[in-house]
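Enquirer: can't give you the sequence, but here's the structure:
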């Protein structure tokens with residue numbers, strides 16, 4: 001029985017880059033709190049007590065922004081190019097999944113400010129969260145895989161394993 005599953009020509013998982021790990025975030029918040037105390041405490045003692053409230057607000061805002069950033073880092077996209085289709089499987093930060101399927105025969109990759117896959121009137125923007133250089137690299141890899149998939153493959157009779165099709169190299173009667 002032959003395996004009818006289509007060949008996979010390209011597969012990758014895309015995630016946003018985060019340069020500060022959670023442990024580094026903890027140290028950053030500690031450093032900001034200490035810096036704010038070093039600046040705010042003398043001002044508080046001099047009678048400028050509202051300064052401490054504003055310094056607490058900037059720590060809270062910094063903490064909230066990083067938490068939002070880490071939540072956004074849960075976003076991902078998986079790209080799989082088979083003989084028949086390009087499957088773009090997206091996962092939002094809240095866990096919601098969305099899947100797009102584009103016909104591989106008509107698939108066209110457009111690179112510019114965005115990486116766009118187009119097929120039969122359907123358009124999907126890929127890797128919005130990626131840096132431009134990374135997005136271009138993914139686009140080039142996807143185009144190369146598409147070109148390899150579309151390139152003709154020739155099967156010669158002598159490539160078969162049975163001897164009935166091996167070429168006759170004898171020229172003598």
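Expert: Here it is on my side, so go on. From a predicted model like this one, the values you see are computed outputs, not experimental measurements.

Enquirer: now the strands for this structure?
Expert: Taking DSSP state E to define them, one finds strands in the chain at 8-14, 76-82, 85-91, 97-103, 108-111, 115-119, 122-126.

Enquirer: for the fourth one, name the packing helices and strands.
Expert: If I follow you right, that is strand 97-103. Judged by 3 or more Cβ pairs under 8 Å, 6 or more residues apart in numbering; DSSP states H and E, strand 97-103 is in contact with strand 85-91, strand 115-119, strand 122-126. Every residue, glycine included, has its C-beta placed from N, CA and C.

Enquirer: the first one pairs with which strands, parallel or anti?
Expert: When sheet partners are counted by DSSP bridges, strand 85-91 sits next to strand 76-82 (antiparallel), strand 97-103 (antiparallel).

Enquirer: residue 87: neighbour count?
Expert: Neighbours of residue 87 under the rule other Cβ atoms under 10 Å: 17.

Enquirer: picking up where we left off before, residue 145 is nearest to which of the strands of the chain?
Expert: strand 8-14 (3.5 Å; Cβ to Cβ).

Enquirer: now do that closest one: distance to the chain's middle.
Expert: In this view, strand 8-14 has its centroid 10 Å away from the chain centroid, taken as Cα atoms, centre = their mean, to the nearest Å.

Enquirer: any chance of the strands of the chain in JSON lines, with distance to residue 26 and mean pLDDT too?
Expert: Output for the strands of the chain, formatted as JSON lines (distance: least, Cβ to Cβ, whole Å; pLDDT from 0 to 100):
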{"stretch": "strand 8-14", "distance to residue 26": "27", "mean pLDDT": "95"}
{"stretch": "strand 76-82", "distance to residue 26": "24", "mean pLDDT": "96"}
{"stretch": "strand 85-91", "distance to residue 26": "26", "mean pLDDT": "97"}
{"stretch": "strand 97-103", "distance to residue 26": "31", "mean pLDDT": "97"}
{"stretch": "strand 108-111", "distance to residue 26": "39", "mean pLDDT": "96"}
{"stretch": "strand 115-119", "distance to residue 26": "35", "mean pLDDT": "97"}
{"stretch": "strand 122-126", "distance to residue 26": "34", "mean pLDDT": "97"}
